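Colleague: Could you work out the structure for the sequence below:
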Amino acid sequence: MLVVLSVTILLLVLFFGLRGNGYKFSNDVTWIKDEPGIRFGNYGIVYAVIDKDHIKNNLSATQTFSIEIAIKPEGFNPDGFNLILSLHDGEDCNQLMVGQYKSYIVIMNGDDYENRRKIKRISADIFSKPSKKLLLTITTGDEGTKLFVDGKLIKAKSDLILTIPVENIPRLILGNSVYGNSPWRGEMYSLAFYANKLELETIENRFNSWSNTQVLPYTKNGKPILFFMFNERTGTQTTDYVTRIQKLNIPTSFLILEKRFLSPPWRYFKANKSFLMDFIVNLLGFIPLGFILCALCIQSRGIFQKKAILFSLILCFLISLCIEIAQAWIPSRSSQALDIILNTISALIGAMLCSPLLKNEEMLIKKFRES
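Modeller: Numbers count the residues shown, from 1 in each chain. Below is the predicted model of the structure:
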């Protein structure tokens with residue numbers, strides 16, 4: 001009976017520890033049928049390895065550049081941070097990212113998503129209205145950074161200068177993070193990087209052209225570095241109009257470009273209901289497993305019986321460790337050291353509850369037989 005209960009509880013622990021929470025192995029990115037563009041669903045990702053020499057040769061020493069992106073967000077996640085695009089060279093602190101936090105657009109260098117470290121950023125509430133197509137233009141240089149929405153200046157920060165990371169080999173990621181855990185839902189119609197700061201007149205003219213035709217034409221004005229129009233409408237790649245060589249990949253299966261193992265406890269700490277619930281579940285979830293494994297050890301003989309709590313604790317630790325390592329391959333989950341700590345404490349509680357109960361039971365049985 002103890003063996004059957006142990007296997008049952010272990011299977012339940014593995015099920016809840018490794019379930020995908022809506023994630024499927026297919027890459028949820030599809031071509032839009034009636035116009036150029038791609039649609040991001042629950043868990044989608046598009047990526048390219050960028051030629052850093054091409055970026056360096058086109059950018060000035062001050063890294064004056066512009067980003068132009070036409071999108072239609074599909075609502076917003078009230079709790080999460082979703083990455084629309086990022087340029088990542090292997091260091092989170094260097095990445096250039098454009099993301100959506102609730103109804104806000106956020107642009108910055110780094111990974112300070114919760115704004116705890118107060119890294120300089122530019123943000124604006126532009127997604128609070130019903131979902132519609134938007135043309136976003138971001139310019140940056142010596143005079144600071146500006147955000148334009150549909151040809152109009154929305155926000156400016158004179159003390160913020162963005163940079164494109166090119167120390168290592170940069171990757172351009174759309175619709176998610178390199179870790180696959182910040183999915184953005186919506187449609188993307190075009191994306192361009194320019195080596196100059198686009199002027200207001202150019203920005204207004206391009207918006208007027210786009211609002212009339214729903215297509216942003218390729219132009220050499222502004223010195224484009226990368227220009228994607230997403231007009232292939234089929235296949236697993238879309239081609240850059242500048243180089244005609246650089247391609248964005250749309251894999252059929254979802255890919256995690258960087259796997260993060262056993263993140264430190266402070267990385268995912270959030271003072272909200274979701275974090276509290278996850279904390280409680282991990283603190284209590286291994287109590288049944290710790291209890292039943294301790295019971296098995298006590299019922300056995302030799303060193304397992306004498307060190308029942310220790311062995312049940314070691315087994316639960318190893319099971320939790322395996323689950324957390326496996327979660328690095330599941331985009332909807334996060335591999336955290338804190339979960340292992342909480343699971344081990346939970347198992348210790350279960351084992352300590354079991355040990356005196358079974359010992360008391362053995363004493364009662366022994367007295368009953370003697371009588």
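
Colleague: how much space between V281 and F81?
Modeller: Distance, V281 to F81, using C-beta to C-beta, to the nearest Å: 22 Å. Where you see a C-beta, it was placed from the backbone N, CA and C, and this is true even at glycine.

Colleague: Please apply the same query to E232.
Modeller: 30 Å.

Colleague: okay, the two: which has more neighbours?
Modeller: The residue with more neighbours, out of E232 and F81, is F81; 19 against 15, by other C-beta atoms under 10 Å.

Colleague: need the contact list for the more buried one.
Modeller: Applying C-beta atoms under 8 Å, 6 or more residues apart in numbering to F81 gives the contacts G99, Q100, Y101, V106, Y113, E114, S182.

Colleague: Please identify which of the residues you listed is nearest to I173.
Modeller: Using C-beta to C-beta, S182 comes nearest to I173 of the contacts of F81, at 9.7 Å.

Colleague: from memory the closest one sits against G99, does it?
Modeller: Yes. S182 lies in contact with G99 (C-beta atoms under 8 Å); the separation is 7.3 Å.

Colleague: anything in contact with each of those two?
Modeller: Counting by C-beta under 8 Å, 6+ apart, the residues touching both S182 and G99 are F81, N82, L83, Y113.

Colleague: partners of the closest residue to the last one other than its chain neighbours in the sheet?
Modeller: Yep, that's Y113 we're talking about. What sits nearest to Y113 in space, not counting adjacent residues and going by C-beta to C-beta, 6 or more residues apart in numbering, is F81, at 4.2 Å. With DSSP bridges applied, the residues forming beta bridges to F81 are Y101.

Colleague: And the one 4 residues further on, by the same measure?
Modeller: Applying DSSP bridges to L85 yields these beta-bridge partners: V98, L174.

Colleague: Could you measure from it over to D28?
Modeller: Taken as C-beta to C-beta, the span from L85 to D28 is 17 Å.

Colleague: So the chain: which segments form each domain?
Modeller: As recorded under automatic domain parsing, the domains making up the chain are 2-20+262-370, 29-249.

Colleague: Identify the residues contacting S177.
Modeller: L83, S86, H88.

Colleague: Make TSV out of these and add distance to V215.
Modeller: Formatted as TSV, the contacts of S177 follow (distance: C-beta to C-beta, whole Å):
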residue	distance to V215
L83	25
S86	25
H88	29
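
Colleague: Now, of these, which are buried?
Modeller: Among the contacts of S177, the ones that count as buried by 16 or more other C-beta atoms under 10 Å are L83, S86, H88.
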